[in-house]
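1. Prediction below, plus the sequence it came from.
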Amino acid sequence: MDIALYVLATLLIVGGLAGSVLPALPGIPMLFGGIWLVAALDDYQHLGLWWLLIIGALGGVGVIVDFIAGTLGARRVGASKLALWGASLGTLVGMFFGIPGLLFGPFVGALAGELASGTSVLRSAHVGIGTWLGLLFGTLIKLVLSFVMVGLFGLAMLFG
């Protein structure tokens with residue numbers, strides 16, 4: 001039974017790393033779930049409370065970055081409040097439309113919000129692109145945090 005649970009933990013960790021890039025998978029929660037499963041199977045001998053709290057905190061930062069990255073990208077290019085709301089709403093609605101929705105939802109939301117605030121189409125497109133770049137950098141940060149989580153997991157297993 002332990003072997004099957006270790007295989008499940010490995011699949012969760014590998015799937016979590018893939019989910020850090022693929023928007024259809026909840027990458028960081030899967031990754032943390034796999035790490036926690038290994039810790040539980042090991043009776044928390046190598047990965048104790050502090051290791052799990054540190055890894056979990058990094059995971060929490062990654063999840064937060066994932067949700068606000070598009071909005072921060074829009075804000076960076078000077079988007080209006082309607083565009084910021086549009087980017088947030090586009091992110092939320094986009095989650096229900098798979099990968100295309102997650103990729104284009106924030107862009108379309110920011111574009112629509114900026115257009116609704118009365119700015120030009122060119123300016124609105126600029127805000128939409130800023131939102132999309134924010135998502136791209138957010139994904140990069142999430143990927144880096146995922147690898148740091150796996151690295152800390154490895155250190156804890158070797159030296160914990």
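-> Perfect, I can see it now. Bear in mind that the values here come from a model prediction, so they are computed numbers and not experimental data. Numbers count the residues shown, from 1 in each chain.

2. Walking through the protein, point out its helices one by one.
-> Per DSSP state H, the chain carries helices over the ranges 2-19, 27-41, 49-76, 81-94, 98-116, 121-159.

3. now the ones you listed as JSON lines including mean neighbour count and mean pLDDT?
-> C-betas here are computed from N, CA, C, even on glycine. JSON lines is the format used below for the helices of the chain (neighbours: other C-beta atoms under 10 Å; pLDDT from 0 to 100):
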{"stretch": "helix 2-19", "mean neighbour count": "15", "mean pLDDT": "94"}
{"stretch": "helix 27-41", "mean neighbour count": "21", "mean pLDDT": "95"}
{"stretch": "helix 49-76", "mean neighbour count": "18", "mean pLDDT": "88"}
{"stretch": "helix 81-94", "mean neighbour count": "22", "mean pLDDT": "84"}
{"stretch": "helix 98-116", "mean neighbour count": "21", "mean pLDDT": "85"}
{"stretch": "helix 121-159", "mean neighbour count": "18", "mean pLDDT": "89"}
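
4. Would you mind measuring from the most centrally placed residue in the chain to Val148?
-> Most central in the chain under C-alpha atoms, centre = their mean is Asp66, positioned 3.5 Å from the mean C-alpha point. For Asp66, the distance to Val148 (C-beta to C-beta, to the nearest Å) stands at 15 Å.

5. which residues does Leu103 contact?
-> Applying C-beta atoms under 8 Å, 6 or more residues apart in numbering, we find Leu103 in contact with Pro23, Gly94, Trp132, Leu135.

6. quick one, what contacts the residue nearest to Leu52 when sequence neighbours are not counted?
-> In space, Leu52 comes closest to Ala39 once its chain neighbours are excluded; the distance is 6.1 Å by C-beta to C-beta, 6 or more residues apart in numbering. Contacts for Ala39 (C-beta under 8 Å, 6+ apart) come out as His46, Leu47, Gly48, Trp51, Leu52.
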